[in-house]
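Trainee: sharing a sequence plus its predicted fold:
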Amino acid sequence: MVLPVFLTRTIKLLLGREDRPLHTQAAAAATLGLGAVMLLGSYAVVAAERDAPSANLTSYPKALWWSAETATTVGYGDFYPVTLWGRLIACAVMFVGITTYGMITAAIAAWFVGREQKRQHRLTEAVHERVLGGERRLSADAEALSARFDRLEGLITATGPHHPHDDDPTP
């Protein structure tokens with residue numbers, strides 16, 4: 001009774017959060033699937049190999065070790081199936097293991113890429129904010145200069161045209 005509760009909580013922990021990225025959810029699901037394939041594959045390979053004359057996968061603990069070796073593609077060679085059904089089960093364990101470790105590797109790579117993209121985005125925003133801040137300052141300076149020129153023009157037009165020779169008493 002304790003094992004189903006543990007498995008249920010583990011599954012909810014791995015898959016329960018909907019805000020996790022898709023690659024993380026897929027890697028978690030593949031890991032759970034690999035665990036199930038390893039457990040069931042161990043049981044199935046013992047059942048398939050039990051009556052074979054040269055079988056060395058004759059107990060569940062040996063089969064669990066074999067399934068871990070097979071799923072990780074280590075293959076020490078200490079245990080191996082000798083029957084057709086045992087080898088087909090081995091192929092399934094290998095396929096699921098390779099796929100799962102590929103998905104986990106992809107999820108880790110996607111995590112690193114995502115972090116770098118976020119960092120690049122923050123840097124781009126900081127540069128953009130600096131550029132906009134500089135443009136705002138330049139725009140304010142340009143407006144101030146324009147206002148000064150408008151005042152100067154207003155002063156010039158208010159006093160009328162002034163020629164430097166008008167003040168000269170000599171003809």
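Mentor: Yep, that arrived.

Trainee: what is the subsequent helix or strand relative to the worst-scoring helix or strand of the chain on mean pLDDT?
Mentor: Ranking every helix and strand in the chain by mean pLDDT, DSSP states H and E puts helix 2-15 at the bottom, with a mean of 67. The first helix or strand that comes after helix 2-15 along the chain, using DSSP states H and E, is helix 22-49.

Trainee: residue 90: what's it in contact with?
Mentor: 41, 45, 70, 80, 81 (CB atoms under 8 Å, 6 or more residues apart in numbering). (C-beta placed from N, C-alpha, C; glycine too.)

Trainee: tell me what angle the longest helix along the chain forms with helix 22-49.
Mentor: In the chain, taking DSSP state H as the definition, the longest helix is helix 84-159. Calculated by axes from the mean of the first three to the mean of the last three CA atoms, to 10 degrees, helix 84-159 forms an angle of 180 degrees with helix 22-49.

Trainee: wait, what's in contact with residue 37?
Mentor: 67, 71, 92, 93, 96, 97.

Trainee: now the closest residue to residue 76 other than its chain neighbours: which helix or strand?
Mentor: Leaving out its chain neighbours, the residue that sits closest to residue 76 by CB to CB, 6 or more residues apart in numbering is residue 69, at 5.6 Å. Using DSSP H and E, residue 69 maps to helix 60-71.

Trainee: for that helix, what does the pLDDT average out to?
Mentor: What helix 60-71 shows for mean pLDDT is 92.

Trainee: can you check stretch 115-131 too?
Mentor: 85.

Trainee: thinking again about what came up before, which one (most neighbours) among the contacts of residue 37?
Mentor: residue 67 (27 neighbours; other CB atoms under 10 Å).

Trainee: now that residue, nearest residue through space, not along the chain?
Mentor: residue 38 (4.2 Å).

Trainee: what's the burial count for residue 53?
Mentor: 5.

Trainee: before we move on, back to that, check contacts around the residue nearest to residue 67.
Mentor: 64, 67, 68, 71, 93, 97.

Trainee: again, only this time at 7 Å
Mentor: Contacts for residue 38 (CB atoms under 7 Å, 6 or more residues apart in numbering) come out as 67, 68, 71, 93.

Trainee: please apply the same query to residue 144.
Mentor: Contacts of residue 144 by CB under 7 Å, 6+ apart: none found.

Trainee: ok, residue 99 next?
Mentor: residue 30.

Trainee: same check, this time on residue 110
Mentor: 21, 23.
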